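Colleague: Using only what follows, build the 3D model:
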Amino acid sequence: MQITLFLQLIVAHICVDFILQNNKLIDKKNKYGVRSPHIYLHALLSGLLSLLFINQWGYWYVGLFIAVTHFFIDWWKIHLQKIDLEKFIIEQIAHLIIVIIAWLWIGQGLESVSCKMQEVIKSIPFLITLIAYSLVIFPVGFIIDKATKKWQDEIEFTKDLEEGLDKAGRYIGILERVLVLTFVILNQMSAIGFLIAAKSILRYGDKEKIGARKQTEYVLIGTLMSFAFAIVIGLLVRIVGLQ
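Modeller: Model (predicted):
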C-alpha cells in the first residue's frame with residue numbers, strides 16, 4: 001500500500017512535468033514568469049493530478065502542499081533564466097523531496113515525517129555516506145588535479161594532440177568515482193572491473209601522433225588515482241558507518 005502510494009505520486013509528477021507540459025508552455029512560463037497563467041495552472045495541475053492518482057480526496061491539504069511547493073520551485077527555476085543539466089537535476093531532486101514528504105505525510109502524518117527526517121539526518125550511516133560522496137565529488141578531484149599538474153603542463157605544450165570536450169575529463173572522473181564508491185558500498189566489487197574494461201576500450205589518440213603516449217599515461221595515472229581514492233573511501237564507509 002505504502003509503496004503503491006509513492007509510485008502513484010511519482011507517476012503524477014512525471015505526467016505533470018514531462019508528459020502534459022510541452023516546449024511551448026515552458027517558453028511562455030520562462031518569458032512571462034509569474035505574469036503567465038501557465039505557471040499557476042501547472043502548479044494547480046500538479047496538486048490535482050496527485051490527488052487523482054492516489055484517489056484520496058480527503059488529503060486535499062497534501063495536494064495543496066504539492067501545488068504550492070511546485071509553484072515556488074518553478075518560480076525559482078524561471079529566475080535562473082538559463083537552465084543547464086545541474087540546475088535541472090537540482091529542480092527534480094527538490095520535486096522528489098516534496099513527493100517523499102507528501103507520501104510520508106499521507107501514510108504516517110506530518111509529525112511522523114518530521115521525526116523520520118530528523119532520524120535520518122542524525123544517523124551515523126547517512127552522515128558518513130553523505131561525507132563520502134561529497135569527498136569523491138569535490139576534494140578528491142582537486143587533489144588529483146594538483147597531483148597531476150606537472151603532467152598536464154607537458155601535454156599542453158604538445159601541439160599535435162586533438163583537444164577533447166570542454167571539462168569532459170572532470171565530469172568523467174566524478175562519475176567514475178561516484179560509481180566506484182557506490183559499487184564498494186553495495187559490495188559489488190566485480191562491477192568495478194566492468195568500469196575499468198569499459199574505459200580501457202576508449203582510444204585517446206593515435207599512437208603515431210607526437211605526445212599521444214604522454215596523454216595516455218596521464219589518463220592512466222589519473223584513472224588509477226581516481227579509482228584508488230573511491231575504493232579506499234568506500235571501504236572506510238563500510239567499516240566505520242555501515243556495520
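Colleague: could you pull out the helices for the protein?
Modeller: 2-14, 23-32, 37-54, 60-79, 85-108, 110-122, 124-137, 139-147, 149-156, 168-185, 190-200, 212-236 (DSSP state H).
Colleague: mind giving me CSV with those helices and columns for mean pLDDT and mean neighbour count?
Modeller: Where C-beta positions appear, they are placed from N, C-alpha and C, glycine not excepted. Formatted as CSV, the helices of the chain follow (pLDDT from 0 to 100; neighbours: other CB atoms under 10 Å):
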stretch, mean pLDDT, mean neighbour count
helix 2-14, 89, 16
helix 23-32, 74, 14
helix 37-54, 91, 19
helix 60-79, 90, 18
helix 85-108, 85, 15
helix 110-122, 72, 12
helix 124-137, 90, 16
helix 139-147, 87, 15
helix 149-156, 72, 12
helix 168-185, 88, 18
helix 190-200, 78, 12
helix 212-236, 85, 17
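Colleague: Find the centremost residue of the chain, please.
Modeller: Ile89 (5.8 Å; CA atoms, centre = their mean).
Colleague: What's the separation between that residue and Leu96?
Modeller: Distance, Ile89 to Leu96, by CB to CB, to the nearest Å: 10 Å.
Colleague: okay, now the domains of this structure?
Modeller: 2-122, 124-241 (automatic domain parsing).
Colleague: Check the separation of the first and last residues in the longest one.
Modeller: So that's domain 2-122. 24 Å (CA to CA, to the nearest Å).
Colleague: Is Leu135 in contact with Ile233, as I believe?
Modeller: Yes. With contact defined as CB atoms under 8 Å, Leu135 counts as touching Ile233 (5.8 Å).
Colleague: distance between the ends of stretch 141-153?
Modeller: 17 Å.
Colleague: my bad, should have said stretch 55-62
Modeller: 12 Å.
Colleague: Which residue, other than its chain neighbours, is closest to Val184?
Modeller: Gly234 (2.8 Å; CB to CB, 6 or more residues apart in numbering).
Colleague: Now do the contacts for that neighbour.
Modeller: Ala132, Val180, Leu181, Thr182, Phe183, Val184, Ile185 (CB atoms under 8 Å, 6 or more residues apart in numbering).
Colleague: Next: Arg238.
Modeller: Counted by CB under 8 Å, 6+ apart, Arg238 has contacts Val184, Ile185, Asn187.
Colleague: With Thr182 instead?
Modeller: Counted by CB under 8 Å, 6+ apart, Thr182 has contacts Gly234.
Colleague: let's go with 7 Å and repeat that
Modeller: Contacts for Thr182 (CB atoms under 7 Å, 6 or more residues apart in numbering) come out as none.
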